[in-house]
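Engineer: Need coordinates for the following:
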Amino acid sequence: MEGADPGNQYGVPYAWLTDGPGYNLTKVKAALGNDAPLDSWEILFDPKYVSKLKSCGVSVLDTPSDMFAITLHYLKKDPNSKNAADYQEAFQTLKKIRPYITQFNFIRLHQ
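Structural biologist: Numbers count the residues shown, from 1 in each chain. As a prediction, this is how the structure comes out:
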């Protein structure tokens with residue numbers, strides 16, 4: 001924010017190490033049409049959408065802590081939940097989309 005920190009001398013990136021979806025818009029629109037929910041995790045967690053994207057390739061993180069937090073957020077649960085029932089619901093949600101995942105990626109932060 002230029003007004004709050006002239007010259008951006010003291011700002012600190014606050015979005016470092018966040019997870020979010022990325023799309024090849026051309027392929028997604030070809031598979032789902034122009035009404036694809038690009039602003040929602042529904043595109044990944046709803047089998048009616050993700051099943052149509054398998055031919056394009058669907059990649060998710062190979063980090064359970066991230067994937068469960070994302071899934072809990074999608075389910076409108078606390079991503080930091082300690083409730084076993086919340087994790088069971090997240091697990092069932094992930095099981096439904098597993099047939100459509102074509103790649104698991106691990107992001108290595110340190111060499």
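
Engineer: Which secondary structure elements does whichever helix in the chain runs longest sit against?
Structural biologist: Ranked by residue count and defined by DSSP state H, the top helix of the chain is helix 84-97. Applying 3 or more C-beta pairs under 8 Å, 6 or more residues apart in numbering; DSSP states H and E, one finds that helix 84-97 contacts helix 42-45, helix 47-53, helix 64-74. Just so you know, the C-beta spots here come from the backbone N, C-alpha and C atoms, and that holds for glycine as well.

Engineer: Show me the one of the ones you listed that comes nearest Arg98.
Structural biologist: Arg98 lies closest, by C-beta to C-beta, to one member of the helices and strands packed on helix 84-97: helix 47-53, at 9.9 Å.

Engineer: I'd like the next helix or strand past that closest one.
Structural biologist: Later in the chain than helix 47-53, the nearest helix or strand by DSSP states H and E is strand 59-61.

Engineer: Sheet partners, orientation included, of that next one?
Structural biologist: Strand 59-61 has its sheet partners listed here by DSSP bridges as strand 103-105 (parallel).

Engineer: got a list of contacts for the strand it pairs with?
Structural biologist: 57-62 (C-beta atoms under 8 Å, 6 or more residues apart in numbering).

Engineer: follow-up on the earlier one: can I get the longest helix of the chain as CSV, trimmed to CA atoms?
Structural biologist: Once non-C-alpha atoms are left out, helix 84-97 reads as follows in CSV (Å, rounded to 0.1, in the frame of the first residue of the first chain):
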residue,chain,number,x,y,z
ALA,A,84,-12.7,-35.8,14.4
ALA,A,85,-16.2,-35.6,12.8
ASP,A,86,-15.0,-32.6,10.7
TYR,A,87,-12.0,-34.6,9.5
GLN,A,88,-14.2,-37.5,8.7
GLU,A,89,-16.4,-35.3,6.6
ALA,A,90,-13.4,-33.8,4.9
PHE,A,91,-12.1,-37.3,4.2
GLN,A,92,-15.4,-38.4,2.6
THR,A,93,-15.3,-35.3,0.4
LEU,A,94,-11.8,-36.0,-0.7
LYS,A,95,-12.7,-39.6,-1.4
LYS,A,96,-15.4,-38.5,-3.8
ILE,A,97,-13.0,-36.5,-6.0
